[in-house]
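J.: using only what follows, build the 3D model:
(one chain, ligands or ions: 1)
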Amino acid sequence: MYSIKEIFYTLQGEGAMAGRASVFCRFSGCNLWNGREKDRENAVCKFCDTDFVGTDGVNGGKYGAESLAEFIYNLWINSNPCTQNGKNSKMSGKPYVVLTGGEPLLQIDIALINQLHQYNFEIAIETNGTQPLVKGIDWVCVSPKFGSELVLNSGNEIKVIYPQGFSIEDMEYFSGLDFEHFFIQPKDEIINKTEVKSNIEQTINFCLTHTKWQLSIQTHKYLGIA
Ligand code: SF4
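T.: Sure, this is the predicted structure:
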């Protein structure tokens, strides 16, 4: 059984797929922080902006591979009138699901990937890159975290949250990895909001001076969507 924090229909807010209608399936748990505020300071990853603890979010719970894929498909269908009864079907894109977390690769297996593909889903993942990939995932977004070991060195997009401690040598290393898109995204601040402006300025300056890298912003936060 998979432990799922929440499942919801929205627009992808970040990276190369920003703006695309998506079912977000958030897996519970992460290997770089336990999600408890009292332990944030001692965690490997200290700037997390996501609640991934437990199964108490919207549509959260325990699911098997079949029931999870079916739920995700029904949410897509019921949220998207273009897909119903063949009506306006030319207006409907391929079903798209983003497996996120927490760290989804702690739980995802081939059984779930196969089930989602049976519903014709294009499957994306957002991972911290510390776990081996499961085969068959269609779009891989890796967001390395300072102080952790990166084992996923290829994929569709790498998204570095900035700054978080990476040196210029680290950024050079990332620049040589096998990705199609190289994104750098200003770190939001959970505690000290006054640092956000500086993070944005540093990120813009990095893009202007290292032109392989593109700015990613968390458009969902600006738009006020989930
Ligand atoms: S790796 Fe991702 S999910 Fe885990 S604590 Fe960091 S930002 Fe949060």
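
J.: pLDDT averaged over stretch 9-16 - what is it?
T.: The pLDDT scores in stretch 9-16 average 96.

J.: just stretch 139-155 next, same as before
T.: Stretch 139-155 comes out with an average pLDDT of 98.

J.: quick check, it touching the ligand?
T.: Yes - Stretch 139-155 lies within reach of the ligand by C-beta under 6 Å from any ligand atom, at residue 145. The C-beta positions use only the backbone N, C-alpha and C, and glycine is treated the same way.

J.: contacts for that stretch, please.
T.: Outside stretch 139-155, the residues within contact range by C-beta atoms under 8 Å, 6 or more residues apart in numbering are 15, 17, 32, 44-45, 122-133, 156-161, 164-166, 170, 174, 177-179.

J.: so how far is it off the chain centroid?
T.: On the basis of C-alpha atoms, centre = their mean, to the nearest Å, stretch 139-155 sits 12 Å off its chain's mean C-alpha point.

J.: show me which parts of it are buried, residue by residue.
T.: For stretch 139-155, the neighbour count (16 or more other C-beta atoms under 10 Å) marks 139-146, 150, 152, 155 as buried.

J.: between those residues, which is closest to residue 70?
T.: Within the buried residues of stretch 139-155, the smallest distance to residue 70 is 21.6 Å, found for residue 139 (C-beta to C-beta).

J.: would you point out which residue is most central in this structure?
T.: With distances taken as C-alpha atoms, centre = their mean, the residue of the chain nearest its centroid is residue 126 (3.1 Å).

J.: that residue and residue 97 touch, don't they?
T.: No - judged on C-beta atoms under 8 Å, residue 126 makes no contact with residue 97 at a distance of 11.4 Å.

J.: and the nearest residue to residue 163 once chain neighbours are set aside, what does it touch?
T.: Spatial nearest neighbour of residue 163, chain neighbours left out: residue 202 (5.8 Å); criterion: C-beta to C-beta, 6 or more residues apart in numbering. By C-beta under 8 Å, 6+ apart, the contact list for residue 202 reads 162-163, 186.

J.: make CSV out of these and add neighbour count.
T.: Output for these, formatted as CSV (neighbours: other C-beta atoms under 10 Å):
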residue, neighbour count
162, 22
163, 16
186, 23
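
J.: for this protein, which spans come out with low pLDDT?
T.: In the predicted model, the chain carries pLDDT under 70 at residues 85-88, 190-191.

J.: and the helices in it?
T.: Assigned by DSSP state H, the helices in the chain fall at 65-79, 110-118, 168-175, 196-209, 219-223.
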